[in-house]
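Colleague: The amino acid sequence is not available; the structure is as follows:
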């Protein structure tokens, strides 16, 4: 939110569309996946080049905004890898368990400012029926989004999940173009569409067989000399 306070949506999206490259390397380093194929690397770099072109058409440049985006970038990449690690290692009988834990842990810190701010309590007491209905719809949509996000995260690699999230941002950009004046030009939107096209051609990297990789590296040497490595984080 701090990033969007100082920069427009396009500025933020530059960083968002370049995250899969970093996460693809982290997928290989920590989660035991192979590096992407040549086609997928091309797709990732087209995403990066598209985001650069997107940035050049930015209608509102703010250095402070970019600084906050850089901080978000690091936190986002760490978050994607860590949450994928959680889905791999923490087994639950239902996907709803992840949804409940995630939202409960996020909601707990909000109780303190809510009860300390009397205006918030008054607003809840005086809420109209239409306001209550809008709130309930928002809760249902938020729960559904959380459920399907965790389901997708459990089925996809961290890189693939990130790309899916990027593709979903096209609706955000469309709304931004329609209702705000601080947005990229038609050229910038064209670069964004190029990014989305590149995402279409990305193929998820499979899990790697570390033992087989070592056999290939050693030229098919004796298996007695092979020590199987494990990824830093469990598969």
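Modeller: Received it, and whenever you're ready, just let me know what you need. What you see is a predicted model, and the numbers here were worked out from it, not measured in a lab.
Colleague: Contacts only, for the spatially most central residue of the chain.
Modeller: The centroid of the chain falls nearest to residue 162 when counting by Cα atoms, centre = their mean (4.1 Å). By Cβ atoms under 8 Å, 6 or more residues apart in numbering, residue 162 lies in contact with 19, 20, 23, 80. All C-beta spots, glycine's among them, are computed from the backbone N, C-alpha and C.
Colleague: nearest to residue 202, of the residues you listed?
Modeller: The nearest member of the contacts of residue 162 to residue 202, counting by Cβ to Cβ, is residue 20 at 7.6 Å.
Colleague: tell me the secondary structure for residue 16?
Modeller: helix (DSSP: H, G, I helix; E, B strand; the rest coil).
Colleague: wait, isn't it in contact with residue 168?
Modeller: No: with contact defined as Cβ atoms under 8 Å, residue 16 does not reach residue 168; the gap is 10.6 Å.
Colleague: the more surrounded of these two?
Modeller: With neighbours defined as other Cβ atoms under 10 Å, residue 16 and residue 168 compare such that residue 16 has more, 22 against 11.
Colleague: Excluding residues flanking it in the chain, which one is nearest the more buried one?
Modeller: In this structure, residue 16 finds its nearest non-sequential neighbour in residue 166, 6.0 Å apart by Cβ to Cβ, 6 or more residues apart in numbering.
Colleague: Which helix or strand contains that neighbour?
Modeller: Assigning secondary structure by DSSP states H and E places residue 166 in helix 158-179.
Colleague: Show the average pLDDT along that helix.
Modeller: What helix 158-179 shows for mean pLDDT is 80.
Colleague: what's downstream of that helix, the next helix or strand?
Modeller: Assigned by DSSP H and E, the successor of helix 158-179 is helix 186-200.
Colleague: which strands and helices sit next to that next one?
Modeller: helix 9-30, helix 38-56, helix 158-179 (3 or more Cβ pairs under 8 Å, 6 or more residues apart in numbering; DSSP states H and E).
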